[in-house]
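>>> Sequence first, then the predicted structure:
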Amino acid sequence: MNDPYQVLGISESATDDEVKRAYRELARKYHPDNYHDNPLADLAQEKMKEINAAYEEINKRRSGGGRTTGASYAGGWQQSYGSGGSSSVFQQVRAAIQMGDIARAEALLNNTGDHNAEWNFLKGAVCYRRGWMDEAMRYYQTACQMEPNNPEYQRALNLMRNGSPYRPGGEPFGTLCAGNPCLTLCCAYTLCNGGYCCFI
Amino acid sequence: MFGYVRPPQDLPEEELKRFGRAYCGLCHALGERYGTAARFILNYDFTFLAILLSEKEEGSIHHGRCAAHPVHGRERLESSPALALAADESVILAYWQARDGVEDHDRFHGLKYRGASAVLERAYRKAAKARPEFDVSTRCQLNRLAELERENCPSMDRAADTFAVLLQGAAQAVNEPVRRRVLEQIFYHLGRWVYLVDAADDLKKDAASGNYNPVALRYGLTDGVWTEEARQSFAATLDHSIHMMATAFELWDFGVWTPVLETTLYTGLFRVGKAVLDGTFRGGGNKRETQEKNT
């Protein structure tokens, strides 16, 4: 294992508070919500594991080897494409997305006549993976309109709407709020989530 | 298409100087490999390409004079495989951009581009030989784009995908698999962002000339004027691409280049996007002038 202090980007003389702060900042950066549907999610997950292990190791060393605090972001990475009470075609689509085989997922969807809420949701997920963000947003919106109470579809749409949960220093950002003078103005019309998002 | 990616001016002096060394290093690599004429394609966008492809350390720094700085000279990065790669890819991109200009314009206005591509012709043939895969994929994507333009394709994602995939190809020559995946993702969304910002910048011009503009088609804009709803939706889609670039950027250690890249991704691109949307970015033919003034 790499030097745990190096992993968290701090020196060995850091106070407990500094350790905690460094850990939290990194955990926010590599948080699953920040990489939801991201084609590089597997790499972020690896990072997160490394950070969790480093944090636990430092805590163990500092408490004399006995106690571990249990890092708080261990879970949350199971992106649920394997689930859903869906038809067999949609299950195959979910499996293909899970495997990263976007072309197959798309071909299966294009051969399906019934464009129901789940079809729109999965089409959105395929577009998102591919980087077609405008169309991803529109398919997610359609899925949510067709089935407003579905938590899976709603979550995908909300994560897109709320924008990036991470930025160094934690200030709000976005194209419409670039440049300081308009920062306050911007947040007047945001669908804010924890104060990080700034568009819409 | 080029001229939108630039380092924020409020970057610390030391980092601006580092960026300057990469800029001069790329210029030198272009001159060394393709002759003086090829140096004129140099811009900030290609410098970013070079930085993204660079190793974690700067390597050795050379102080020397050149035509642009004959008296005091400038510091620049020594030639490296990354600069050579960036120079080759820049030539291919610039050549195809110039060719695209010839096809896009009528006889008279196309002259400027025709002149540029004649100068670049020789350089291009050499670069295409050095990087055949990148050349083929670039041509393939530009053909796709031409077809979408002919069809008047209303999907801005589909249109932007062509330039995004084209730029993504710039990572093909990177061997380390994780680094390649990270760069492919950054380049894809950088290409998407550049394409969309360029289309937004050209809204009025295209409305007047009747040229294809996927942003106008997507939002049904008339006379190149934004509606508030369209403006917000478009800003959101730009932000999504920046988010994808930033999340990819965080997964690789870019060493000494981290501050320049971080500030550009988390601040610079937003500012340019906003200026374009507000109509305060000097677009069209002035892009290059603005850039030169800032150098």
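Thanks, I have it.
>>> going forward, measure contacts between C-alpha atoms and count neighbours the same way
Fine.
>>> For the one residue in chain A that gets nearest to chain B, the count of nearby residues, please.
Closest residue of chain A to chain B, CA to the nearest CA: A:Thr175 (4.4 Å). By other CA atoms under 10 Å in any protein chain shown, the residues close to A:Thr175 number 27.
>>> Quick check: it vs B:His243, distance?
Distance, A:Thr175 to B:His243, by CA to CA, to the nearest Å: 11 Å.
>>> End to end on stretch B:62-81, go ahead and measure it.
First-to-last residue span, stretch B:62-81, CA to CA: 16 Å.
>>> So for it, what gets flagged as buried?
By neighbour count on 16 or more other CA atoms under 10 Å in any protein chain shown, the buried set for stretch B:62-81 is B:Arg74, B:Glu75, B:Arg76, B:Leu77, B:Glu78, B:Ser79, B:Ser80.
>>> Pairing partners for B:Glu75 in the sheet, please.
B:His63 (DSSP bridges).
>>> Contact partners for B:Leu11?
Applying CA atoms under 8 Å, 6 or more residues apart in numbering or on different chains, one finds that B:Leu11 lies in contact with B:Val260, B:Thr263.
>>> quick one: it and B:Lys17, what's the gap?
Using CA to CA, one gets 10 Å for the distance from B:Leu11 to B:Lys17.
>>> What segments of the chain are helices?
Defaulting to chain A. In chain A, the segments counted as helices under DSSP state H are A:4-8, A:16-29, A:41-62, A:88-99, A:102-110, A:117-130, A:133-146, A:151-162, A:183-188.
>>> right idea, wrong chain: chain B
Under DSSP H, chain B gives helices at B:13-34, B:44-53, B:81-104, B:111-130, B:132-151, B:156-168, B:177-201, B:203-209, B:214-219, B:228-249, B:258-263, B:269-278, B:287-294.
>>> Report how many residues lie close to A:Glu12.
Count around A:Glu12 with other CA under 10 Å applied: 12.
>>> For the residue lying closest to it once chain neighbours are set aside, give me its contacts.
Closest residue to A:Glu12 apart from its sequence neighbours, by CA to CA, 6 or more residues apart in numbering or on different chains: A:Tyr5 at 6.2 Å. Contact partners of A:Tyr5, counting by CA under 8 Å, 6+ apart, are A:Ser11, A:Glu12, A:Ala54, A:Ile58.
>>> Just the buried ones out of those, please.
Buried among these by 16+ other CA under 10 Å: A:Ala54, A:Ile58.
>>> Quick one: neighbours of residue 34, just the number.
Assuming you mean chain A. Using other CA under 10 Å: A:Asn34 sits among 20 other residues.
>>> other chain: chain B
Counted with other CA under 10 Å, B:Tyr34 comes out at 20.
>>> pLDDT score for it?
Note for B:Tyr34: predicted pLDDT of 90.
>>> B:Ala84: how many residues sit nearby?
Counted with other CA under 10 Å, B:Ala84 comes out at 19.
>>> can you check B:Gly210 too?
By other CA under 10 Å, the residues close to B:Gly210 number 10.
>>> ok so, going back, output the helices of chain A as CSV; include the columns mean pLDDT and distance to B:Glu228.
Formatted as CSV, the helices of chain A follow (pLDDT from 0 to 100; distance: least, CA to CA, whole Å):
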stretch, mean pLDDT, distance to B:Glu228
helix A:4-8, 93, 43
helix A:16-29, 92, 32
helix A:41-62, 92, 34
helix A:88-99, 91, 35
helix A:102-110, 95, 33
helix A:117-130, 95, 24
helix A:133-146, 96, 17
helix A:151-162, 90, 17
helix A:183-188, 31, 14
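>>> and chain B, which residues reach chain A?
B:156-158, B:161, B:181-182, B:188-189, B:232-233, B:235-241, B:243-244, B:247-248, B:250-251, B:266-267, B:269-271, B:273-274 (CA under 8 Å from any CA of the partner chain).
>>> let's go with 7 Å and repeat that
Residues of chain B lying close to chain A (CA under 7 Å from any CA of the partner chain) are B:157, B:232-233, B:235-237, B:239-240, B:243, B:251, B:270-271, B:273-274.
>>> and of these, the nearest to B:Pro259?
Nearest to B:Pro259, judged by CA to CA, of the residues of chain B next to chain A is B:Leu251 at 14.8 Å.
>>> isn't A:Ala54 right next to A:Gly9, touching?
No - taking contacts as CA atoms under 7 Å, A:Ala54 lies outside contact range of A:Gly9: 10.5 Å.
>>> so what's B:Ser241 closest to, chain neighbours aside?
B:His189 (5.2 Å).
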